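Asker: For reference, the sequence and a predicted model appear below.
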Amino acid sequence: MSERRVIVIGSGPAGAMAAHKLLSLGIPVLMMESGQALPSGLLLRVLDRNLVRRMPEAERLQLCSEDGNPNGALWIRHLSPGGLSNQWTGAVPRFAAEDFVEGERLHERYRWPIRYSDLQPYYEESERLIGVSGAAGDVPNLPAGVITYERRLPPDWRPVASRAAANGQGLTSLPLADGPPTMLVRRGTAFNSFSLVVVPLLKSPHFQFLSGAHALALEASQNDGRVDAVIYHDRNDGQEKRLTASAIVVACGPLNSTKLLFDSSSAAFPDGLGNSGGLLGQYLHDHVRDWWACDLDRPISLLSSAAYLTRKPFASSAPLIATSWTIGVADTTDRIRSRAGLKSKSVGVQVFGTVVPGERNFVLRSSTRKDPFGRPELDVRMTFSDDDVQNVLDARETLLDLFRSSGYSPAVRRAETVLTPGESVHFGGTIRMHESRTYGVTDAWNRLYDAPNVLVCDASCFTTGSEKNPTLTAMAIAARAVDRLAHDLKQDTTLTAGASR
C-alpha cells in the first residue's frame, strides 16, 4: 500500500464513512476492528411493515465509579464489525443550524468551531449513502435531509402537526436509515455500517480490513509529535503487533476512543495523547431518556413508522436545554396491529433530554481496575442533575398540551424515566473540538492539537450535545474531516492543527 495509507480504527458508522470517503478520494485505507464475529440477526419487511426483527445482543457493562457513587454509568458496546449499528434504530435527524451556535449564549467554551453550512454537503453525502426514509421538506428546528424513501404522517395526525407548527415545533416522520419498504436480510437492522458501507469497499485493492485487531495504543514520535503507528492485540493469534500509517482516524466510540488516547501515554504525553491541556475525558454528555405511554379519549392511527416532534424554539429556550419526542406504539399488541394500519387510543413516547457539559461529568483512568490487556479501565463519573431530569419530565406536559389543543383528552398511563447515564447510547464530548486548545482537544478539522495526524471523528468530538440522535452528524463530521485530510496528503502538506474551518 502507498505511504499515504490511513488507518481507520472502528467500523461503526463514523469509521465506515471516513473509510468510504478516503477511498473515493484515492487514499488507501486499512480499517481495524476489534470484533471478529460478523453481524447476525434477521429482518423481514413487507410493504413498509416489519414482520420479523431479530437483533443480536449488545454487551452491557455496569460501570462502578470510584468516587463512591453507587449508581455507575452503563457502557453499552458491541465488539463486532459494524459496532452498535448492529442494534441501531437508525434515527438520523440533522442538527439544526442553531445547534452549533446556541451554546455561545452561555460561554465561548460551548462554541462549535464549525457551522451547519460546513456540514451540509456531508450530511447530503451521508444520507445518500445510507438511504433515508422520512418526510421531505423542512420543519421547525429540523432541516430537511435527502430522502430516498418518502414517508408521511397518517391523515389524522396532520391536525396535530399543524398545532405543533403553530407552537414553533415540527411534527414529522422520523428520519430513519431504514432501507426499502420490502426487504429480507440476515442482520437485525436495515442499516448496518459494515454490511452496507464497509463490505463494498472490500472490492478495492486499496482497502484492507482487519478483524480481531484491538487497538491498544497510538505510538507517538519523540521528535515531532506525530503518531507513527498503532499498537494492537491480534485476537486471532494472541500476539501484539504494530502498524504504520501517514495518518490515523479514531472512530471507535466515545468511551473506547477516549480510553485509547489515555492508553497512548508516553514520555512526550505522560497523561495520555491529546491531554496536554488536561481536557481529555472532560465535558462528557449524554441524553436523559424518558419513556411513557399516553392514553387518548379517542382512537388515532397507529404509527408503523415513528413520528418525531422537534424541540421548542431556540429563542424561547434556555441555552443547550431541549428535548425531542419520538412517538410510536405503546406495546407489542399495538405494534402488531400497526402493521394492518389500525387505530388505537394509546401511543408510546420516548423523550431525549439534553445535558449541558459541565465539570461534574467526565471520564478518567481507573486507579484500581485493569482491562484484560493490563491497561487501566475507564472510571466514568456522570450523574444527571435535578434540572436534567426535570427537563424531560416537563416534556410530558408539552406533548399533553399539544394533544389537548388538537382536540384530544390525553393522560399519562405508564412512565419509565431512565436515570442511568449510558442507557441512551449517546455519550459524547470527551475529545471535543474547539477553535482554541484552551477548550478543545481537537481543532475544527478533528485533528488532535498534540498530534495533528490523528483525527477523532466519532461523537466524542462533539463540542456540545443536541437533543437529536448523534449518528448522522458524526458521519458528516467524519466525511468533512477526511476530505481535508485527503487533500493535504495528496499535496504532501504537513499536517497541522489549529486551522480555521
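Answerer: Right, received. Where do you want to start?
Asker: which element is Thr398 on?
Answerer: helix 386-405 (DSSP states H and E).
Asker: Which parts of the stretch 301-450 of the chain are helices?
Answerer: Ranges of helices within the stretch 301-450 of the chain are 332-338, 386-405, based on DSSP state H, counting those that start in this stretch.
Asker: Highest mean neighbour count out of these?
Answerer: helix 386-405 (a mean of 17; mean count of other Cβ atoms under 10 Å). No exception for glycine: its C-beta is placed from N, CA and C like everyone else's.
Asker: So which elements touch that helix?
Answerer: For helix 386-405, the packing partners by 3 or more Cβ pairs under 8 Å, 6 or more residues apart in numbering; DSSP states H and E come out as helix 158-166, strand 288-301, strand 323-328, strand 343-353, strand 411-418.
Asker: Report the angle between the fourth one and strand 323-328.
Answerer: In other words, strand 343-353. 150 degrees (axes from the mean of the first three to the mean of the last three Cα atoms, to 10 degrees).
Asker: For strand 343-353, buried residues please.
Answerer: Ser344, Ser346, Val347, Gly348, Val349, Gln350, Val351, Phe352, Gly353 (16 or more other Cβ atoms under 10 Å).
Asker: residue contacts, the residue lying closest to the fourth one once chain neighbours are set aside?
Answerer: In space, not counting the residues next to it along the chain, Gly348 is nearest to Ala330; the distance is 4.1 Å by Cβ to Cβ, 6 or more residues apart in numbering. Going by Cβ atoms under 8 Å, 6 or more residues apart in numbering, Ala330 touches Ala293, Cys294, Ser344, Ser346, Val347, Gly348, Arg413.
Asker: Any idea what the fourth one is bridged to?
Answerer: Following DSSP bridges, Ser346 is listed with bridge partners Asp295.
Asker: Tell me the spacing between it and Gly137.
Answerer: Applying Cβ to Cβ, to the nearest Å, the value for Ser346 to Gly137 is 29 Å.
Asker: go on, Ile27?
Answerer: Ile27 is 36 Å from Gly137, by Cβ to Cβ.
Asker: of the two, who's got more company?
Answerer: Shown here are Ile27 and Gly137; by other Cβ atoms under 10 Å, Ile27 has more neighbours (22 against 12).
Asker: For that one, which three-state class applies?
Answerer: Here Ile27 is coil, with the state taken from DSSP: H, G, I helix; E, B strand; the rest coil.
Asker: Gly15 now?
Answerer: Under the three-state scheme (three-state DSSP), Gly15 adopts helix.
Asker: And Ser85, by the same measure?
Answerer: helix.
Asker: mind listing what it touches?
Answerer: Residues in contact with Ser85 (Cβ under 8 Å, 6+ apart) are Gly12, Pro13, Thr189, Phe191, Asn192, Ser193, Phe194, Thr471.
Asker: for the residue lying closest to Asp99 once chain neighbours are set aside, helix, strand, or coil?
Answerer: Spatially, and ignoring its direct neighbours in sequence, Asp99 is nearest to Ser466 (4.5 Å; Cβ to Cβ, 6+ apart). Three-state assignment for Ser466 (three-state DSSP): coil.
Asker: Would you agree Ser466 is in contact with Glu98?
Answerer: No - assessed by Cβ atoms under 8 Å, Ser466 is found out of contact with Glu98, at 9.4 Å.
Asker: quick one, which of those two is more surrounded?
Answerer: Ranked by neighbour count (other Cβ under 10 Å), Ser466 and Glu98 place Ser466 first, with 27 against 17.
Asker: Distance check, the more buried one against Ile147.
Answerer: 21 Å.
Asker: Over to Gly26?
Answerer: Taking Cβ to Cβ, one finds Gly26 at 30 Å from Ile147.
Asker: Return the distance of stretch 387-397 from the chain's centre.
Answerer: For stretch 387-397, the separation from the chain centroid amounts to 22 Å (computed by Cα atoms, centre = their mean, to the nearest Å).
Asker: Show me what the mean pLDDT comes to for it.
Answerer: Averaged across stretch 387-397, pLDDT comes to 95.
Asker: Likewise for stretch 177-196?
Answerer: pLDDT averaged over stretch 177-196 gives 91.
Asker: Regarding it, how distant is the last residue from the first?
Answerer: By Cα to Cα, to the nearest Å, the extent of stretch 177-196 from end to end equals 11 Å.
Asker: Buried residues, that stretch. List them.
Answerer: 177-179, 185, 187-196.
Asker: closest to Pro93 among those residues?
Answerer: Of all these, Pro93 sits closest to Ala177, with 11.1 Å by Cβ to Cβ.
Asker: In helices only, show me the contacts of Ser85.
Answerer: Under the assignment DSSP state H, the contacts of Ser85 contribute Pro13, Ser193, Thr471 to helices.
Asker: Out of those, which is nearest to Ala481?
Answerer: Proximity of the ones in helices among the contacts of Ser85 to Ala481 (Cβ to Cβ) peaks at Pro13, which lies at 14.1 Å.
Asker: What's the separation between the spatially closest residue to that closest one that is not a sequence neighbour and Pro39?
Answerer: Of all residues not flanking Pro13 in the chain, Ser193 sits nearest, at 4.5 Å (Cβ to Cβ, 6+ apart). In this view, Ser193 and Pro39 are 9 Å apart by Cβ to Cβ.
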